[in-house]
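Colleague: Here's a sequence, model it:
(one chain, ligands or ions: 2)
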Amino acid sequence: MFVQEVAIDIKTEANKDELVEEFNLLISHFRSNGQTQGKIESQFIDHNRIVCFPFSHEKNSLSSEFHNFYVNRQIEKLENICGSKLQVRTVGKTFESYQGACKCEKPELYILITNYITIQSPITCGTCNQALPLYKLPKYSDHGYRPFLSWESNYQSCDTLQMNCEVGEHWALNQMQESNSQLSKQGLEICKKVEELTGVPTYYYLFNYRKIIGDELTKPCPKCGKQWNLKEPLHGFYDFKCDACKLVSTVTSNS
Ligand SMILES: [Zn+2]
Ligand SMILES: [Zn+2]
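Modeller: Ligands and ions are numbered 1, 2, ... in the order given. A predicted model of the protein is given here:
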C-alpha cells in the first residue's frame, strides 16, 4: 500500500484543538469514502501544522476526482478556518513489490472478503485477485461506503473472537461460516447491491472451519444443496463457488 501525508498549516488564530477535531473528521470521511485504509493515521500537531499518514491502495487515492460530498465540504471548511490549502503527498509504500489495486477494465466477478488483520478494501477483484478501492465502485449509500465498513468491522470482530479462542469462539465461527447468519446476511445484501450497481457478479466469501467426514469436495453448497466444487481452485485459494447463491469458500483447515 501507499502511505500518504495529509497536512494543513494553521495561519489563523483558530482554536487548535478544535481544528484537530475537524481534521480528524476529514480523515474519517476519507475512510468511509474508501480513499484511505485502516484506522491508524498517526495524526499529530506540531506548532502550526496538523499532519497525518494514512494508507491508501493507489498513489492517487486522495486525488480530488475521488472525493465525495462530505470530503469536499470538510476540506472547504478546514481550509477556511486554517487560512491555507490542504496538502497531500505520497511519502512511500509498504513493500517495494506493491503494484497497486485492481486495474481490470471488465472484472468477471468481485468477492466480499476480509479477515481480522487486513487493512485492505473488503472488495477483491476475482479476475486479478487484487483489492478494489471502494471509491472505484458507484456510490453505495449517502455518498459513500459506510455499510461496507460496518460489515467489515463486524466480520473482523467475529474473526478476532474465533482467533483468540477464549470468548464467544463458537458463536463467532457460526456467524462466519453459516450462510444464513446475521453476518452473512449483511454481507450478502452488500454483494447483491454491488452487483446491481456494477453489473459484475459479486460473491460472498463463506469461512470454513468445519469438521468434515469424507471427501469434502463432493459436499454440496450449504445454501442450495447443488455441487459447487471448482475443478481448479480459483487463484489457488477458493475451492468452492456457487453461481446461484453467489457464495465462494475454501476447504476446511480443521482436519
Ligand atoms: Zn482486477
Ligand atoms: Zn448454492
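
Colleague: Quick one: residues contacting Pro54.
Modeller: Counting by C-beta atoms under 8 Å, 6 or more residues apart in numbering, Pro54 touches 3-4, 6, 27, 30-31, 36-38, 41. The C-beta positions use only the backbone N, C-alpha and C, and glycine is treated the same way.

Colleague: quick one: which of the residues you listed is nearest to Lys185?
Modeller: Arg31 (24.4 Å; C-beta to C-beta).

Colleague: what about the strands in the stretch 151-255 of the chain?
Modeller: Applying DSSP state E, counting those that start in this stretch to the stretch 151-255 of the chain gives strands spanning 202-206, 229-234, 238-242, 247-249.

Colleague: Of those, which stretch is the most buried?
Modeller: strand 202-206 (a mean of 25; mean count of other C-beta atoms under 10 Å).

Colleague: now what about that one, what contacts it?
Modeller: 109-113, 123, 126, 176-177, 179, 184, 187-188, 191-192, 194-195, 222, 238, 241, 246-249.

Colleague: roughly how far apart are Gln130 and Lys139?
Modeller: Distance, Gln130 to Lys139, by C-beta to C-beta, to the nearest Å: 22 Å.

Colleague: Counting neighbours around each, name which of these two comes out higher.
Modeller: Gln130 (17 against 14; other C-beta atoms under 10 Å).

Colleague: Identify the residue nearest that one in space, chain neighbours excluded?
Modeller: Residue nearest to Gln130 in three dimensions, not counting chain neighbours: Cys102, with 4.3 Å by C-beta to C-beta, 6 or more residues apart in numbering.

Colleague: can you map out the helices along the stretch 1-150 of the chain?
Modeller: Ranges of helices in the stretch 1-150 of the chain, per DSSP state H, counting those that start in this stretch, are 16-32, 69-82, 146-164.

Colleague: The shortest one to helix 16-32, inter-axis angle?
Modeller: By that I understand helix 69-82. 160 degrees (axes from the mean of the first three to the mean of the last three C-alpha atoms, to 10 degrees).
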